[in-house]
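S.K.: Pasting a predicted model and its sequence here:
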Amino acid sequence: MPCKNCIEKPVIKLTNTNIHLCKQHFIKYFEKKVLNTIRNYKLIDKGDKVGVAVSGGKDSLTVLSILNKLREKTRRFEIEAIAIDEGIKGYRDKTLEDAKKFCQDNNIKLHIFSYKDEFGDTLDNFLKRTQMKACSMCGPFRRYLLNKKSKELGFNKLVTGHNLDDEAQTIIMNYFRRNIETSARLGPITGIAKDRRFIRRIKPLYFMTQKEVATYAFLKGLVVEFNECPHSTQSYRGEVMKMLNDFEAKYPGTKHSIITSFIEMLPLLQKSYKNYMPINDCKICGEPCSQEICQTCKIVEMLKNKAK
């Protein structure tokens, strides 16, 4: 079957449709849909200083590439890149090289912060001291550094490369864990209300599937190979991802339905939980958290005790 818009050979069949697109028309479709998300949800405003969280993977380089193109065209906002080096040997060192090369080639300022410099050691070494799962430690550390360093760098928004698959997984995980109040802070732009202590995160790839992002990144030459974190399959998210992929294979459109239904419910969730969870300042580091001491400081203290 040829491309829907011409006679060229298609490179992709869009999920939950019978539409086939060639390289040229798929790239046009992809970029237009991402830009529509930015416009419809007012993700970026004139004068914004936007930080883009980059890992060097397909998602982050795709969103950085599109935003850089938009910045050059409009000159309405600034962008810089921020990367976190967890210290995962054989994985993060490789993806960071890809991020460095892309930023250098496109004249984008890149800031790199590491667990070793900020917390005293690499994730690989931390995991040798505890039975704690990698994602349970890495998640709080990454969120902590991205928020803290974004404030220090003067960003007023932080872009992440989360795609439709990622968001569908998070929604289901929150349901399974009865974290409905956490879901109220999801969506194309995170948070229920503005709070100076949090840098709001925006997700331009929110309505793009993982398959579409991977195809775009490959066609644009943004990545040569697709690297996945070696710890991802051991996580709770990994189990949910497998479950949703199985459902999607049997019932195409499942992930789209999850996102579409969630977007319809989101205003009600935000209204219900607007004042549900008060935000405190961590007594140790001063960063915002829901308890007296943030999860990052608790983990750091635990690791210090293990080292004694």
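M.R.: That came through, no problem.

S.K.: For residue 238, give me the pLDDT.
M.R.: You'll see residue 238 listed with a pLDDT of 87.

S.K.: How far does stretch 172-190 sit from its chain's centre?
M.R.: 15 Å (Cα atoms, centre = their mean, to the nearest Å).

S.K.: no, scratch that, I was asking about stretch 75-93
M.R.: The answer for stretch 75-93 is 12 Å, by Cα atoms, centre = their mean.

S.K.: swap in stretch 93-103?
M.R.: With Cα atoms, centre = their mean, you get 17 Å for stretch 93-103.

S.K.: outside of that stretch, which residues touch it?
M.R.: With contact meaning Cβ atoms under 8 Å, 6 or more residues apart in numbering, stretch 93-103 is reached by 54-57, 60-61, 64-65, 81, 83, 85, 108-110, 112, 222-223, 227. C-beta: built from backbone N, CA, C; applies to glycine.

S.K.: For it, buried residues please.
M.R.: The neighbour-count check on stretch 93-103 (16 or more other Cβ atoms under 10 Å) flags 95-96, 98-100, 102-103 as buried.

S.K.: From the residues you listed, pick the one nearest residue 183.
M.R.: Distance to residue 183 across those (Cβ to Cβ) is lowest for residue 95, with 29.0 Å.

S.K.: Look up how far residue 231 lies from the closest one.
M.R.: Applying Cβ to Cβ, to the nearest Å, the value for residue 95 to residue 231 is 14 Å.

S.K.: Could you pull up phi and psi at residue 81?
M.R.: Per-residue torsions, residue 81: phi -110, psi 150 (degrees, to the nearest 10).

S.K.: Please report the distance of it from residue 87.
M.R.: On the measure of Cβ to Cβ, residue 81 and residue 87 end up 19 Å apart.

S.K.: same question, residue 261
M.R.: For residue 261 relative to residue 87 (Cβ to Cβ), the value is 39 Å.

S.K.: Give me the more crowded residue out of those two.
M.R.: residue 87 (21 against 11; other Cβ atoms under 10 Å).

S.K.: Can you verify my assumption that that one contacts residue 120?
M.R.: No: judged on Cβ atoms under 8 Å, residue 87 makes no contact with residue 120 at a distance of 10.8 Å.

S.K.: Near residue 283, how many residues? Count them for me, please.
M.R.: 12.

S.K.: Equivalent analysis for residue 220, please.
M.R.: With other Cβ under 10 Å as criterion, residue 220 counts 16.

S.K.: Likewise for residue 129?
M.R.: 14.

S.K.: my read is it is in a helix, agree?
M.R.: No: looking at residue 129 with DSSP: H, G, I helix; E, B strand; the rest coil, it is coil, so not inside a helix.

S.K.: how close does it sit to residue 177?
M.R.: Where residue 177 is concerned, residue 129 sits at a distance of 27 Å (Cβ to Cβ).

S.K.: do residue 263 as well
M.R.: 21 Å.

S.K.: next one: residue 6
M.R.: On the measure of Cβ to Cβ, residue 6 and residue 177 end up 47 Å apart.

S.K.: and what of residue 124?
M.R.: 28 Å.

S.K.: Let's see the pLDDT reported for residue 307.
M.R.: 68.

S.K.: whoops, I mixed them up, residue 291
M.R.: Per the predicted model, pLDDT is 88 at residue 291.

S.K.: in this structure, what spans have low per-residue confidence?
M.R.: 192-193, 276-277, 307-308 (pLDDT under 70).

S.K.: What segments of it are strands?
M.R.: 12-13, 20-21, 49-53, 78-85, 110-114, 157-159, 200-202, 280-281, 288-289 (DSSP state E).

S.K.: Out of these, flag the one nearest residue 303.
M.R.: strand 110-114 (15.5 Å).

S.K.: got the contact list for the closest one?
M.R.: 54, 80-87, 96, 99-100, 103-104, 122, 145, 149, 153.

S.K.: Repeat the analysis, applying 10 Å as the threshold.
M.R.: 51-52, 54, 64, 80-87, 92, 96, 99-100, 102-104, 121-123, 142, 145-146, 148-150, 152-153, 155 (Cβ atoms under 10 Å, 6 or more residues apart in numbering).

S.K.: Who has more neighbours out of residue 263 and residue 177?
M.R.: residue 263 (16 against 10).
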